[in-house]
Structure formats: structure tokens, C-alpha cells
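Undergrad: 3D, please:
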Amino acid sequence: MTVRVGSPVSGRVVPLSEVPDPVFAQAMVGPGIAVEPDRVAAEVVSPVDGTVVTLHPHAFVVATGDGAAVLVHLGIDTVKRKGEGFTLHVVKGESVRAGQAIVTWDPAEVEAAGFAPICPVVALDAGADALLDQAPDGPVAAGDALFSWRR
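TA: Numbering: from 1, shown residues only. Below you'll find the model as predicted:
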């Protein structure tokens, strides 16, 4: 089975290795891609159809019906903000569709507060060679394909 993972935000696709956090940059959590978001307040959307299995203001995981789980992390060390600047639109356990708003945030405000707003998008529990059809570095709109994941 192949899972299509969409971009949760609009911005510029960059390799995961460019994320200024070794846990993401070294793919310790799993393989994926990062998006350097546009610096405008915006809705962050679900990358896949599924169920919200983990939900924090700064990060969430959506699991598909067959168990493929995708982590979206909004910025680096943004957990330290204790939810400030993030507005949730769903609850844990809610079924969502790809492209549905999960949270609203302002990457420019996050950056002004001293945090890197880059957004890692990670295929949890995937092997290093599980990703296919990765989006090229460059512009991406929320909902556009970031990568496909063979399960």
C-alpha cells in the first residue's frame, strides 16, 4: 500500500537534514521532508486522511486507517511556548480528511519569538527507504504532495 502525504503548510520544501534539530535532521523519528513555511498566519492542514492520534498545539500525528502515522511538527522547540500562538481546530481522536485544518499559527510570530519555524513532516515507524516520489526542493502549497510512502 502507498500513502500519499501532503504538505501541511505552504512554503519551501527542504531536506529533513536541514532541520536545526538532530532528532529530525538525522531521521531518528523516521524519514520525511521539511517545509520552511511562508511567514504568514495560516491554517496547518492534515497531510493524510485518518485519525488524530496525538495532538499538541505545536505538533500532531494523524494515523491512516491501515496504521501509517504521519507526524507534523510546527517549528523547533516550540513546545516551550506552552501553546501560545497556536489555535487548535480538532480534538484527539477526531477523524480528519487530508487538507482539513488542524491548527492555525503564525510562523513569523514564532520566528520573532526566537524559534525556528521549519516544519518537519515525518513518516513514523517507516524504514529509511520507505519514501517514494519526494517533492523537489522549492515552493509547495498546503495540500500539495510532499512524498509517497510505501507500507
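
Undergrad: in the top helix by length along the chain, what's buried?
TA: Across the chain, the longest stretch assigned as helix under DSSP state H is helix 107-112. Residues of helix 107-112 classed as buried by neighbour count (16 or more other C-beta atoms under 10 Å): 107, 110. Every C-beta, even on glycine, is put in place using the N, C-alpha and C of the backbone.

Undergrad: May I ask which helix or strand of the chain has the lowest mean pLDDT?
TA: strand 131-132 (a mean of 76; mean pLDDT, DSSP states H and E).

Undergrad: ok, residues contacting that one?
TA: Outside strand 131-132, the residues within contact range by C-beta atoms under 8 Å, 6 or more residues apart in numbering are 2, 31-33, 123, 147-150.

Undergrad: For those residues, pick the one with the most neighbours.
TA: residue 32 (28 neighbours; other C-beta atoms under 10 Å).

Undergrad: Show me the beta-bridge partners of it.
TA: Residue 32 forms beta bridges with residue 122, as assigned by DSSP bridges.

Undergrad: What residues does it make contact with?
TA: Contacts of residue 32 by C-beta under 8 Å, 6+ apart are 16, 24, 71, 120-123, 131, 147.

Undergrad: can I get those residues in CSV with distance to residue 103?
TA: Listed next are these as CSV, based on distance: C-beta to C-beta, whole Å:
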residue, distance to residue 103
16, 21
24, 19
71, 14
120, 15
121, 14
122, 17
123, 20
131, 24
147, 21
